[in-house]
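Student: With the sequence up front, the predicted model follows.
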Amino acid sequence: MKLASRHLLGIEGMTADEITLILDTAESLAQVSRREVKKVPALRGQTVINFFVEPSTRTRSSFEVAEKRLSADTLNFSPSTSSLVKGETLADTARNLEAMAPDFIVVRHSEPGAPHMLAKICQSAIINAGDGPHEHPTQALLDAFTLRQKKGRLGGLRVAIIGDILHSRVARSNILLLRTMGAEVVVSGPPTLLPREIERQGVSVARRIEEAVEGADAIMMLRIQLERQTRGFFPTLREYFRLYGLTAERVAHARSDVVIMHPGPINRGVEIASEVADGPWSVILEQVTNGIAVRMAVLYLLAGGGEEAA
Amino acid sequence: MKLLLRQGRIVDPSQGLDETADLLIEDGRVAKIGSRIPPRGAETFDCEGLVVAPGFIDMHTHLREPGQEWKETIATGTAAAAAGGFTAVAAMPNTTPVNDERAVTEFIVAQARLRGAVRVHPIGAVSKGLAGKELAEIGDLVAGGAVAISDDGKPVSSGRLMRLALEYTQIFDIPVIDHCEDTDLSDGGVVNEGYVSTALGLRGWNAVAEETMVARDIMLAADTGGRLHVAHVSTARSVDLVRRAKRRGVKVSCEVTPHHLFLTEDACLTFDTHAKMNPPLRTEADRRALVRGLQDGTIDAIATDHAPHHTDDKSVEFARAPFGVIGLETAVPLALDRLVHAGLIPLPRLVELLSTNPARLLRVPGGTLAAGSVADVTILDLERRITVEPERSRSLSRNTPFAGWSLRGGPAAAIVDGRIAFSALDAGREPES
């Protein structure tokens, strides 16, 4: 089987079979990173432009490593300091990139829908590496990969997502993916950071973090951006941690084999206590490792690769 | 010059008229309505099977001239209006320079006389520079031809300024038209706050930000005795606030746009910037409440909020695109198809919403076919089939969310001051009989 779309714009619209295909492919490709020569020729001769309009270290590096391990030629283009400042529109910048005949454009942008716009303009395959608070599909896929690795399944799991749901592309993509795969999702955070009608995404809302983590198989913590406090969504970081920070005491409400996840970068003592981030439940660094295999799988499948990966 | 409109269905709520008859126009005035009027040298139009109504008036248009002529001019905007069945438009003051002084008002009036296909009624600014600080020279604006004042595009945020405007305009008996938005509460929102803002991660524009301003304005109108007109109501609770205020005798009126009547927030789900306007498209429950407001008389007018924007400006990320859609050529076909043919309101009610009431609220000529009144006439063909093709618009802009819609019913002709401004009719000289 193949993916229905030639782009990866979001988890929205993906089927359970497609998600499973990506995760299975990632599993086969994961071993490439454990070899002495960490490279396969799958994307040899193909060009990938990493077009990051919003700053990112983790995601961009992860994509770049994935591309290189597939033997693609990569170019990093971060126009925050060049053309977009000179008044060029996103569409025109994209047309210029397109003129270099890349096979893929991996795009990170602060505005929801920016990758969808590129997909309408460009011949290249577009991969969404995060569009504002909208979606971050490869993050959700790598979270799912990690979770499946730990739990052996996704269906029937109870997953708590805690924090700034309103501004989180990680939460949106994870909710879509987990619901598609049959997991139960409960979200919790300050009511000022819970978006309206979030229940219509098939999740339940818990007022208190203790309720949310009760019996959870996994807890996904979201990064709190300092800017949110200055816009008044909560009074102080101190109070945020007191009400919604993940401490060992709170983890005790979850299942004993719970896994703690975080998309990074973590704010110690803001959304997560060090004892938890560094504790036995934490799979935060494994998420980073898995990100490479999952992004390799996405590139490989979009390039037309079939089931028998690598 | 004489025009004879033969055997049309004359629908004129101002006279309680809905009957088949002839209508004679002489020297820019309605001469008479009668069952069989001899032509006697008049150019005649066979209106059998067509509707003859007092000319439609769009209370809320942005013509962009002066200052943004690449988006629209008085010539192109009024040509679009005529082709859409309107015989007059009221032009909002957010031009460059702002219509906050008489010279600008007079320029608009003069330009409309020279190049306008339909009547143009300027709307002056409430405040100098639309800055919301101090009143513009409203008396001078009225002397120059302004029929109302508004800071449209921007709300009158200051309660004190709104109070002063509602008091001061009583000298001239003109309405204050407010774009109701508490901008602190709407907080940079670009779509309705709810399911769509949540699904797309776009900043939400909370409905209460509109309703709280509607409520404030109504209380100020009641307190001052001024005439308030609420622009483009978009939520169920706004309609309800106006409904209850009218029952209490407050001098408040309101309008609704076709896009709020016929679209919901779901139109934004594909990040289509043509579905981005202010106030934003709301929920299906809101949309239904707007239709009920038309049915029970709470809403006085359908107005387009025709807001031309260049394709370049709309071809950007959703949040960065300007608010607004064009509407002059689609409003009447949409209303005929989705309201009249759909059985939601009878045709005479639609004529009230598009002609009788706007004329009454703005105190402008027209809105009636009574003998002696100006010969502004809209002729409708209820069976005309229309497919919305933006590239064929008379407007300079293409930003419509209705592209490709197939509609039943539309304008057949627009007559302004006894002259044909737009026509899809066949003229016949001096028929026998």
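Tutor: Received, thanks. Being a predicted model, the structure only gives us computed values, none of them experimental.
Student: can I assume residue B:378 sits in a strand?
Tutor: Yes - under DSSP: H, G, I helix; E, B strand; the rest coil, residue B:378 falls within a strand.
Student: so how far is residue A:151 from it?
Tutor: Residue B:378 sits 68 Å away from residue A:151, going by Cβ to Cβ, to the nearest Å. In this view, the C-beta of every residue, glycine as well, is placed from N, C-alpha and C.
Student: can you check residue B:13 too?
Tutor: Per Cβ to Cβ, residue B:13 is found 69 Å from residue A:151.
Student: Which pLDDT value belongs to residue 238?
Tutor: Answering for chain A, as no chain was given. What the model reports as pLDDT for residue A:238 is 94.
Student: Correction: the question concerned chain B.
Tutor: Confidence at residue B:238, expressed as pLDDT, is 98.
Student: Would you enumerate the residues in contact with the nearest residue to residue B:104 once chain neighbours are set aside?
Tutor: Of all residues not flanking residue B:104 in the chain, residue B:97 sits nearest, at 5.8 Å (Cβ to Cβ, 6 or more residues apart in numbering or on different chains). For residue B:97, the contact set (Cβ atoms under 8 Å, 6 or more residues apart in numbering or on different chains) comprises B:66, B:67, B:104.
Student: Pick the one among the residues you listed closest to residue A:142.
Tutor: Minimum distance to residue A:142 across the contacts of residue B:97 is 51.0 Å, recorded for residue B:67 (Cβ to Cβ).
Student: is it fair to say residue B:255 lies in a strand?
Tutor: Yes - under three-state DSSP, residue B:255 sits within a strand.
Student: That one pairs with what?
Tutor: Listed beta-bridge partners, residue B:255: residue B:301 (assigned using DSSP bridges).
Student: Could I get the phi/psi values of the residue nearest to residue B:104?
Tutor: When read as degrees, to the nearest 10, the backbone of residue B:97 gives phi -70, psi 160.
Student: need the residues of the stretch 101-250 of chain A near chain B, please.
Tutor: Within reach of chain B by Cβ under 8 Å from any Cβ of the partner chain, the stretch 101-250 of chain A has these residues: A:109, A:111-114, A:116-117, A:131-135, A:167, A:169, A:172, A:195-198, A:200-201.
Student: mind listing what's buried in the longest helix seen in chain A?
Tutor: What stands out as the longest helix in chain A, according to DSSP state H, is helix A:284-302. Neighbour counts over helix A:284-302 (16 or more other Cβ atoms under 10 Å in any protein chain shown) mark A:284, A:286-288, A:290-302 as buried.
Student: Just the mean pLDDT for it, thanks.
Tutor: The pLDDT scores in helix A:284-302 average 97.
Student: okay, the helix ranked longest in chain B in PDB with CA atoms only?
Tutor: Ranked by residue count, the top helix of chain B under DSSP H comes out as helix B:207-224. C-alpha atoms of helix B:207-224 as PDB (Å, rounded to 0.1, in the frame of the first residue of the first chain):
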ATOM      1  CA  ALA B 207     -18.800  36.300  19.500                       C
ATOM      2  CA  VAL B 208     -19.200  38.200  22.800                       C
ATOM      3  CA  ALA B 209     -16.800  40.800  21.400                       C
ATOM      4  CA  GLU B 210     -19.500  41.800  19.000                       C
ATOM      5  CA  GLU B 211     -22.400  41.400  21.300                       C
ATOM      6  CA  THR B 212     -21.000  43.400  24.100                       C
ATOM      7  CA  MET B 213     -20.600  46.400  21.700                       C
ATOM      8  CA  VAL B 214     -24.100  45.900  20.300                       C
ATOM      9  CA  ALA B 215     -25.400  46.000  23.900                       C
ATOM     10  CA  ARG B 216     -23.300  49.100  24.800                       C
ATOM     11  CA  ASP B 217     -24.400  51.000  21.600                       C
ATOM     12  CA  ILE B 218     -28.100  50.100  22.200                       C
ATOM     13  CA  MET B 219     -27.900  51.400  25.800                       C
ATOM     14  CA  LEU B 220     -26.300  54.600  24.500                       C
ATOM     15  CA  ALA B 221     -28.900  55.000  21.800                       C
ATOM     16  CA  ALA B 222     -31.600  54.600  24.400                       C
ATOM     17  CA  ASP B 223     -29.900  57.100  26.700                       C
ATOM     18  CA  THR B 224     -29.300  59.700  24.100                       C
END
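Student: Note down every partner strand of the helix or strand that comes right after it and its orientation.
Tutor: Following helix B:207-224 in sequence order, the next helix or strand is strand B:228-230 (DSSP states H and E). Strand B:228-230 pairs in its sheet with strand B:176-178 (parallel), strand B:252-256 (parallel), by DSSP bridges.
Student: and the ones you listed as TSV, adding mean pLDDT?
Tutor: TSV is the format used below for those (pLDDT from 0 to 100):
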stretch	mean pLDDT
strand B:176-178	98
strand B:252-256	98
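Student: Residue numbers of chain B in contact with chain A?
Tutor: B:193-195, B:197-202, B:204, B:270-271, B:312, B:315-320.
Student: just to revisit the earlier point, so residue B:378 and residue A:151 - more neighbours on which side?
Tutor: Legend: neighbour count by other Cβ atoms under 10 Å in any protein chain shown for residue B:378 and residue A:151, higher for residue B:378 (30 against 17).
Student: Point me to the helix or strand that includes residue A:68.
Tutor: Element membership of residue A:68, judged by DSSP H and E, is helix A:58-69.
Student: which parts of whatever helix or strand comes next after that helix are buried?
Tutor: Heading C-terminal from helix A:58-69, the first helix or strand you meet, by DSSP H and E, is strand A:73-77. Under the neighbour-count criterion of 16+ other Cβ under 10 Å, strand A:73-77 has A:74, A:75, A:77 buried.
Student: circling back to that earlier point, in terms of secondary structure, what does the longest helix of chain A contact?
Tutor: helix A:16-30, helix A:58-69, strand A:125-131, helix A:137-151, strand A:259-261 (3 or more Cβ pairs under 8 Å, 6 or more residues apart in numbering or on different chains; DSSP states H and E).
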